[in-house]
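Student: the following comprises the amino acid sequence and a computationally predicted model.
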Amino acid sequence: MTKFLRLLGLVALPVALCAAPALAQTGNCADRQTVVTRLAERWGESRQSMGLAANNAVIEVFASLETGTWTITMTRPGGPTCLIASGLHYQKLAEALPNTDSPA
């Protein structure tokens, strides 16, 4: 899960940071409670993980373990919560770190 989130962060965060102003203009942002309520009621999603980005934005992953839907949100300090990405086939993982002691 950690590896996935790191990889996801490397890919999604630069896009999210560039897209945030555009998202606010297209209606994909709302106050956090509204977003959380809609994700729960419409998609059965709950928060699965979260992290703090370099710009102090909170990045959260919501997902439904039953349906496999997922949504990534970003909340800037004092700002609305914006939808960054969403999709299907969410899987909760707990992968071990690769063994780096063995010769290649």
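Tutor: Alright, I've got the coordinates.
Student: surely Asn55 and Thr75 touch.
Tutor: No. Here Asn55 lies out of contact with Thr75, judged by C-beta atoms under 8 Å, at a distance of 11.3 Å. All C-beta spots, glycine's among them, are computed from the backbone N, C-alpha and C.
Student: neighbour count winner among those two?
Tutor: Between Asn55 and Thr75, counting by other C-beta atoms under 10 Å, Thr75 is the more crowded of the two (20 against 11).
Student: may I have the beta-bridge partners of the more buried one?
Tutor: In this entry, Thr75 is beta-bridged to Val58, Thr81, by DSSP bridges.
Student: quick one: it from Arg42, how far?
Tutor: 19 Å (C-beta to C-beta, to the nearest Å).
Student: check Ser64 too.
Tutor: 10 Å.
Student: between the two, which one's more packed in?
Tutor: For Ser64 and Arg42, the more surrounded residue by other C-beta under 10 Å is Ser64, and the numbers stand at 17 against 9.
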